[in-house]
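> Sequence first, predicted coordinates after that:
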Amino acid sequence: VHLQTGQCGNQIGAAFWQTISGEHGLDSNGVYSGTSELQLERMSVYFNEASGNKYVPRAVLVDLEPGTMDAVRAGPFGQLFRPDNFVFGQSGAGNNWAKGHYTEGAELVDQVLDVVRREAEGCDCLQGFQITHSLGGGTGAGMGTLLISKIREEFPDRMMATFSVVPSPKVSDTVVEPYNATLSVHQLV
């Protein structure tokens, strides 16, 4: 089950699904239009099969503000995702790790876990979870680490792979990114 959290996580996740869909011969609506039987093998690792030869990603898209979700929906593969797997708040975390982890994120986490459980129950053999997020922002770092700890609690015998974007002073000028990253790395180990 794939989770993408925050603006960075959702942008990376959108690119990930575009690539995986291409590799499996799926168009932007999840309909198989490939040419090789090999493309259909292991399709169930990342996709649920729906009616009409359509495949839907096992993805949970999370953010504390609706903007990124709107961008993913409006993107080239926006129709690929299950609409009720978009879980978002209205207030945002404002690059504040504590808001993502303890306040705004904590209010939304149960709703996210319900979607995670539903996706996990839909798996024949749940291997684990993967999450794309940044360590510098408020949602990706704060709520991302909250989700990781809650999922580890509920599924202790399943694998957890994180694809975490580490902040760099050469790329960003957000002054609190090192603090957010420090608080996050502690949760990842």
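Yes, it's here.

> Might you report the residue contacts of residue 9?
Residue 9 is in contact with 3, 62, 131-134, 139-140, 144, counting by Cβ atoms under 8 Å, 6 or more residues apart in numbering. C-beta coordinates here come from the backbone N, C-alpha and C atoms, glycine included.

> hmm, try it at 7 Å
By Cβ atoms under 7 Å, 6 or more residues apart in numbering, the residues touching residue 9 are 132-134, 140, 144.

> now do residue 32
Here residue 32 is in contact with 25-26, 53, 55 (Cβ under 7 Å, 6+ apart).

> show me where this protein has helices.
Secondary structure of the chain (DSSP state H): helices located at 6-23, 67-74, 97-101, 104-121, 144-154, 177-188.

> closest to residue 160 out of those helices?
helix 144-154 (6.1 Å; Cβ to Cβ).

> Give me the contacts around that closest one.
3, 5-6, 9, 101, 105-106, 109, 112-113, 116, 129, 131, 133, 160, 162, 184, 187-188.

> For the buried ones among these, write the corresponding ChimeraX selection.
The buried subset of the contacts of helix 144-154, as determined by 16 or more other Cβ atoms under 10 Å, is captured in ChimeraX by this line:
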select :3,5,6,9,101,105,109,112,113,116,129,131,133,160,162,184,187
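
> Look at residue 69 and report its pLDDT.
You'll see residue 69 listed with a pLDDT of 95.

> From residue 152, how far off is it?
25 Å (Cβ to Cβ, to the nearest Å).

> For the two, indicate the residue with more neighbours.
residue 69 (19 against 13; other Cβ atoms under 10 Å).

> which ones are touching that one?
61, 63, 86, 88.

> Out of those, which comes closest to residue 79?
residue 86 (12.3 Å).

> How many residues are close by the closest one?
Neighbours of residue 86 using other Cβ under 10 Å come to 20.

> Surely it touches residue 60?
No. Residue 86 is beyond contact range of residue 60, at 8.6 Å (criterion: Cβ atoms under 7 Å).

> Distance of residue 37 relative to residue 47?
16 Å.

> scratch that, residue 163 is what I was asking about
Residue 163 is 19 Å from residue 47, by Cβ to Cβ.

> cool, residue 10 as well?
Taking Cβ to Cβ, one finds residue 10 at 18 Å from residue 47.

> More neighbours: these two, which one.
When neighbours are counted by other Cβ under 10 Å, residue 10 and residue 47 differ, and residue 10 comes out ahead with 27 against 22.

> how about the nearest residue to residue 7, chain neighbours excluded?
Distances taken as Cβ to Cβ, 6 or more residues apart in numbering put residue 68 closest to residue 7, at 4.7 Å, once the chain neighbours are dropped.
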